[in-house]
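**Student:** Sequence unavailable; structure follows:
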C-alpha cells in the first residue's frame with residue numbers, strides 16, 4: 001500500500017459523475033443504490049509539504065496558477081491582492097484595495113483576476129500579470145468567496161446559496177442551494193473548483209466541504225482541526241480560510257487567516 005493516497009484515487013468516481021461520463025478506457029463510476037442514505041464521506045489529511053505564509057495576511061481568497069499563489073487579504077484599510085511565491089512565501093507583487101473596502105474572494109478568468117468585497121457590494125477586475133485595476137462591477141448582498149468552473153464564476157455570499165455568474169457581464173445566471181444531510185448549509189466562504197467539484201470553507205469552523213455542483217449536496221467533509229488549532233493561536237478570527245488547487249501539479253494547498261504556514265495536503269478518507 002502506498003504511503004501517499006493519490007488525488008486521482010479520491011476524485012475519479014465523483015469527477016465522472018459531475019461530467020456525466022468517464023474518460024475513454026476508464027471504468028464507469030458505480031451507480032448509487034436507490035434510496036441509499038446520502039451520508040457525506042469524512043476525511044482527515046496527510047501533510048505533504050509545509051511552506052512559509054505571511055502571518056500578517058488576513059487571508060480571504062486563494063488560488064494557484066502558473067506555479068504561484070494569488071491571495072486576497074481582508075480588513076478595512078489593509079486589504080490587498082497579491083502574487084506569492086509558494087516555496088518561501090515571498091510576496092512578488094501586491095496592490096491595495098480602496099481603504100473603505102474589505103477584500104474577500106478572488107478568482108482568475110483569462111488574463112484577469114476578479115474579486116469581491118465583503119459588504120461594499122462592489123468588486124473589481126485586475127490585470128493578472130501587473131495587478132493593475134481594469135474596472136469594477138456591482139452585486140447585491142455580501143461578497144465572500146469566488147471560484148470558476150470554466151463556464152461560470154461561482155460566488156458565495158455567506159448563505160447556503162452559491163451564485164453562478166456570467167464571466168463577461170458578471171450578471172447572475174442561477175443559484176445553487178447547498179445542503180448537508182438534507183438541510184441548508186450556511187456560512188459557505190472561500191471556494192475552489194477541484195476536479196468537477198466545489199470545495200468550500202465553512203466559516204469559523206476547521207472544516208472544508210465537498211459539494212456536488214449538480215445537486216448542491218455535500219458529499220464529503222474534510223476535518224483540519226489540528227492545523228487550525230496549531231496555527232490559529234488564541235485569536236478566534238484566525239480561522240481556516242484558504243483553499244487552492246494546482247491542477248497541473250495535482251496539489252492541494254490550505255491556509256488560514258494570519259497563519260504562519262501554508263500546507264500542501266492529501267485527503268485521507270476515514271474508515
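**Tutor:** That came through, no problem. If you're wondering where the values come from, they're calculated on a predicted model, not measured in any experiment. Residues are numbered from 1 along each chain as shown.
**Student:** average model confidence for the top strand by length along the chain?
**Tutor:** Scanning the chain for the strand with the most residues, using DSSP state E, yields strand 41-52. Average pLDDT, strand 41-52: 96.
**Student:** So what's the gap between the next helix or strand after it and the chain middle?
**Tutor:** Next along the chain after strand 41-52, taking DSSP states H and E as the criterion, comes strand 59-65. Put simply, strand 59-65 sits 7 Å off its chain's centre (C-alpha atoms, centre = their mean, to the nearest Å).
**Student:** And for strand 59-65, what's in contact with it?
**Tutor:** Applying C-beta atoms under 8 Å, 6 or more residues apart in numbering, the contact partners of strand 59-65 are 69-74, 79, 86, 103-108, 115, 128, 145-147, 190, 192, 241-246, 251, 253, 255-259. To be clear about C-beta, it is placed using only N, CA and C from the backbone, and glycine gets the same treatment.
**Student:** Please apply the same query to stretch 164-175.
**Tutor:** By C-beta under 8 Å, 6+ apart, stretch 164-175 touches 109, 114, 123, 137, 139, 148, 151-155, 161-163, 176.
**Student:** List the buried residues of stretch 168-184.
**Tutor:** 170, 176, 178-180 (16 or more other C-beta atoms under 10 Å).
**Student:** same check, this time on stretch 141-150
**Tutor:** Neighbour counts over stretch 141-150 (16+ other C-beta under 10 Å) mark 142-148 as buried.
**Student:** do the same with stretch 212-227
**Tutor:** Buried residues in stretch 212-227 (16+ other C-beta under 10 Å): 212-213, 216-224, 227.
**Student:** Please tell me how far that stretch is from the chain's geometric centre.
**Tutor:** 11 Å.
**Student:** quick one: average pLDDT of it?
**Tutor:** Mean pLDDT, computed over stretch 212-227, is 96.
**Student:** can you check stretch 69-79 too?
**Tutor:** Rounded mean pLDDT across stretch 69-79 is 88.
**Student:** what do you get for stretch 82-100?
**Tutor:** 92.
**Student:** Excluding chain neighbours, what is closest to residue 85?
**Tutor:** Leaving aside its chain neighbours, residue 85 sits nearest to residue 92 (5.7 Å; criterion: C-beta to C-beta, 6 or more residues apart in numbering).
**Student:** what's the answer for residue 204, then?
**Tutor:** residue 239 (5.5 Å).
**Student:** distance of the one you found from residue 59?
**Tutor:** Distance of residue 239 to residue 59, given as C-beta to C-beta, to the nearest Å: 10 Å.
**Student:** before we move on, what about residue 188?
**Tutor:** To residue 59, residue 188 is 16 Å away according to C-beta to C-beta.
**Student:** average model confidence for the host helix or strand of residue 198?
**Tutor:** Taking DSSP H and E as the definition, one finds residue 198 inside strand 197-202. Across strand 197-202, pLDDT averages out at 96.
**Student:** before we move on, back to that, could you name every residue contacting both of residue 239 and residue 59?
**Tutor:** Contacts common to residue 239 and residue 59, judged by C-beta under 8 Å, 6+ apart, are 256-257.
**Student:** Now do the helices in this structure.
**Tutor:** 7-19, 225-232 (DSSP state H).
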